[in-house]
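Visitor: please work out how this folds:
(chains A and B)
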Protein chains: 2
Amino acid sequence: MKMVNLNTFFKPKRIAVIGASKNPNKVGHVIMKNIIDGGFEGKVFPVNNSGGEILNCKVFTNIKKIKDRVDLAVISVPAKFVLKVVKDCRDKNVKNVLIISSGFKEIGNSKLEEKLADFLNKNKMMAIGVNCLGIYDSHNKLDTLFLPRYRLKRPSPGCIGFVCQSGAVGSAILDIATEQGHKFSKFISYGNATQTDESDLLAYLGNDPNTKVICLYVEGIKDGEKFFKTIKEVSKKKPIIALKGGLTEQGMKAALSHTGSLAGKKEIYFGIFKQTGVIRADSLEEMFNIASLFEKKIKFKGNRLQVITNGGGYGIISTDNIVSSENLTMAELSNNSKKVFKKVFPKTINLRNPLDLVGDATTERYKIALEECTKDKNIDGIILVVLYQTPLITTDIVEIISEYKNIGKPIVVISTGAEFTEVLSESLEKLGIPTFSFPEEAIKSIDKMVGYQKFISKR
Amino acid sequence: MKMVNLNTFFKPKRIAVIGASKNPNKVGHVIMKNIIDGGFEGKVFPVNNSGGEILNCKVFTNIKKIKDRVDLAVISVPAKFVLKVVKDCRDKNVKNVLIISSGFKEIGNSKLEEKLADFLNKNKMMAIGVNCLGIYDSHNKLDTLFLPRYRLKRPSPGCIGFVCQSGAVGSAILDIATEQGHKFSKFISYGNATQTDESDLLAYLGNDPNTKVICLYVEGIKDGEKFFKTIKEVSKKKPIIALKGGLTEQGMKAALSHTGSLAGKKEIYFGIFKQTGVIRADSLEEMFNIASLFEKKIKFKGNRLQVITNGGGYGIISTDNIVSSENLTMAELSNNSKKVFKKVFPKTINLRNPLDLVGDATTERYKIALEECTKDKNIDGIILVVLYQTPLITTDIVEIISEYKNIGKPIVVISTGAEFTEVLSESLEKLGIPTFSFPEEAIKSIDKMVGYQKFISKR
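Guide: Numbering: from 1, shown residues only, chains lettered A, B, ... in the order given. Prediction:
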């Protein structure tokens, strides 16, 4: 069976919302509203038995009554009506259906879901869902999520593609990641994966030119062999950062009653991820920490990191974390760098790694350190700790860091603090320089990025 | 030798600042300014060769020229003058000196530091420092930190005592923790521990009625036996949460050139912490996550947690983390709770742990779940995931959670999201309910708290 191209889900020109509602608290209303408020440039047709008008759009009592061609149907009717509505879609020659409705396998209603899958396959239709939150495409201004825009920020167009089996969790993560300034290409909540599954979605994002890095939260895999082949292929092209839910026996049971997923063994997943170059995230927070490095198109040519700091404690903690990491090592300053530093730095500064510029460090001292370390051939990347609480750091340090960011090795900045710090960190982020609040999380993320780059270069 | 009581450091009536300066960029100026701006209610005397006035205070050319009694001298002169200045203090009968100056053991100047320590001991003087940031006491309005108040937020009076060997790191952490709403009793940066060491400070905080939980960042231990005895005693009275810097060989070397500390083996520290009931934090972020639970005076009577959620994925991730933890297990809903839920909840809700109230969960549904779970004798604590992005959660859920917080078992709330979420989380925090952004960090912190409570109850 040849699959319908997933493109139609993300670039439809005409959308029918089946189960659209006048009641602002109903899912079918929120979806209509979000499609319109999201700036969708095509036509949208509400469908509901009761007729009338919703948000100034004429309501059709059945999708078959719409005269225009319809590319995508978004379905949010009770589970028992879904099959009937999907048949209407088939009759109207709508090949793509996004099924929000829940009440299937996840509550033991497997037969209904199988029947639905059979029908979809026989009729060469393609479905995302059931039991999902919808999809969001920032580039194509498509917002079919059923969560109000005032509660859930929508991200700007960017390069992170996020595939998330869980709807509410996906939306919460999307919300916080957007506030942190991350930009997304697509967000896809796919729920029970009744027909289109995680592998189809990953393959699609693998070919999507807007997507440069893929984040995946997955509970169960529909087809192990297909998944293995897919991630192996896709991760050659772009990084996949994956978090697996349902790693423990009790977690697996919970997954079964959430998205009807058979979760499978932890060791198997970890093994598969390792073999295929998939980057394993250990938490949701880490997933986006790693993604943010790829988002900024950072590349480490090697694994030798130089730590520069004005807080000795962070130098030590960074060292501990680099040494204990899987892929990273501490760089050794070249004799030339040491010679230069010896001339200009006060005696209180030890010429080593970590390079502790000490509490009275000036912006000028950072400039000298960056000047040499970015040239130093013993160094592949720089962990730059800047604690803005110390009085001699001037705010123009932001411009200075930015001057050195394109010399050919990545600079990752670590700054901990309240408002004063946040303003400066945001400026750096806007200039494309990754910033973290704590050394531990920065180094974990770099470690995983370097691990992926090593994997890719060996192929 | 009988030690001078540390109390005088935190409750002085008259302070001399030796090395006070007119230049606003100098440490000696910032300290003067902060003592005054911090609301210190006693007298402050600047001391500097050059005389004149600083911030409307008459400058004395030598501490001996001050006619009033002086309780505490804060010293920020170059290292080579420190001993001379300390002798002046002895002559003036000042027993407590806080030495900010650096340039001692940490840059190889061990002899000078030993000489200083000898002098202090022989003259029964007590010193905090050298090479430190100063001390801060929110209850006594004492701010001797040399970092500007506009760059570093000062915390409100509270119950966290924070002992930090590293100055800049300590200040950065203080800054971010304060913004997150944590409240502190005392912050002590003690640098090289020339005389007063981490054990003295811990023993002091152990007896300090304002301090209910102690956070410790330590690089090296001066006297292992003393440390062991001290933490064993103190952790019986109140929890100590410790992060050790310099765990790897290279980290240890860095510690030597930071605070002149011999860092010692990881396994030894971990073993000592375990034996004495000290809670080991694996990162600075985790240290304050754990502290925030103690700050809210939460007590788990047992280790059985019930997860309630409107995001199935977070239910699964929480389950994975609880099952993989050291001290926690998943609670089992009693038959009675199940009976009640069966009557009122829709079929889409599986009556298990995690209890997934699903995406269309209302505030009422949460109320019912809390009503039963707080009564349920099979449950010792509740992980309450509330993803506010879903439309049927009303903002009065904050009051409802707060109604159930005092029924006898802790409720810890997990909410991920941007502004809308943040406002609600802040309200909960103000009502004394701990909130976290991600399930992983919440459960790690609870695990360590329950571990401590288990340890204490066995003694």
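Visitor: just the C-alphas of the strand or helix carrying residue A:445, formatted as PDB.
Guide: For residue A:445, the enclosing helix or strand under DSSP states H and E is helix A:439-458. Only the C-alpha atoms of helix A:439-458 are listed here, as PDB (Å, rounded to 0.1, in the frame of the first residue of the first chain):
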ATOM      1  CA  PRO A 439      27.700  23.900  34.700                       C
ATOM      2  CA  GLU A 440      26.200  20.400  35.300                       C
ATOM      3  CA  GLU A 441      23.500  20.700  32.700                       C
ATOM      4  CA  ALA A 442      25.700  22.500  30.200                       C
ATOM      5  CA  ILE A 443      28.300  19.800  30.200                       C
ATOM      6  CA  LYS A 444      25.800  16.900  30.100                       C
ATOM      7  CA  SER A 445      24.300  18.500  27.000                       C
ATOM      8  CA  ILE A 446      27.700  19.100  25.300                       C
ATOM      9  CA  ASP A 447      28.700  15.600  26.100                       C
ATOM     10  CA  LYS A 448      25.700  14.200  24.300                       C
ATOM     11  CA  MET A 449      26.200  16.500  21.300                       C
ATOM     12  CA  VAL A 450      29.900  15.600  21.000                       C
ATOM     13  CA  GLY A 451      28.900  11.900  21.300                       C
ATOM     14  CA  TYR A 452      26.500  12.300  18.300                       C
ATOM     15  CA  GLN A 453      29.100  14.200  16.300                       C
ATOM     16  CA  LYS A 454      31.600  11.400  17.000                       C
ATOM     17  CA  PHE A 455      29.000   8.800  15.900                       C
ATOM     18  CA  ILE A 456      28.300  10.600  12.700                       C
ATOM     19  CA  SER A 457      31.900  11.200  11.700                       C
ATOM     20  CA  LYS A 458      32.600   7.400  12.000                       C
END
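Visitor: please work out which residues outside that helix touch it.
Guide: Applying Cβ atoms under 8 Å, 6 or more residues apart in numbering or on different chains, the external contacts of helix A:439-458 come out as A:235-236, A:239, A:241, A:277, A:279-281, A:285-286, A:289-290, A:292-294, A:298-300, A:303, A:305, A:314, A:317-318, A:321-322, A:325-328, A:381, A:383, A:385, A:412, A:414, A:434, A:436, B:282-285. From N, CA and C alone the C-beta is placed, and that goes for glycine too.
Visitor: switch the cut-off to 6 Å
Guide: If you take Cβ atoms under 6 Å, 6 or more residues apart in numbering or on different chains as the criterion, helix A:439-458 is touched by A:239, A:277, A:279, A:289-290, A:293, A:300, A:303, A:314, A:317-318, A:321-322, A:325-328, A:412, A:414, A:436, B:283.
Visitor: stretch A:137-151 too?
Guide: Contacts for stretch A:137-151 (Cβ under 6 Å, 6+ apart): A:10-11, A:27, A:30-31, A:34, A:37-40, A:74, A:133-136, A:155, A:157, A:171, A:184, A:186, A:210, B:389, B:391, B:420.
Visitor: spatially nearest residue to whichever residue of the stretch 51-200 of chain A sits closest to chain B, not counting backbone neighbours?
Guide: Across the stretch 51-200 of chain A, no residue is closer to chain B than residue A:166, which sits at 2.8 Å (Cβ to the nearest Cβ). Closest residue to residue A:166 apart from its sequence neighbours, by Cβ to Cβ, 6 or more residues apart in numbering or on different chains: residue B:313 at 2.8 Å.
Visitor: this completes my enquiry, with thanks.
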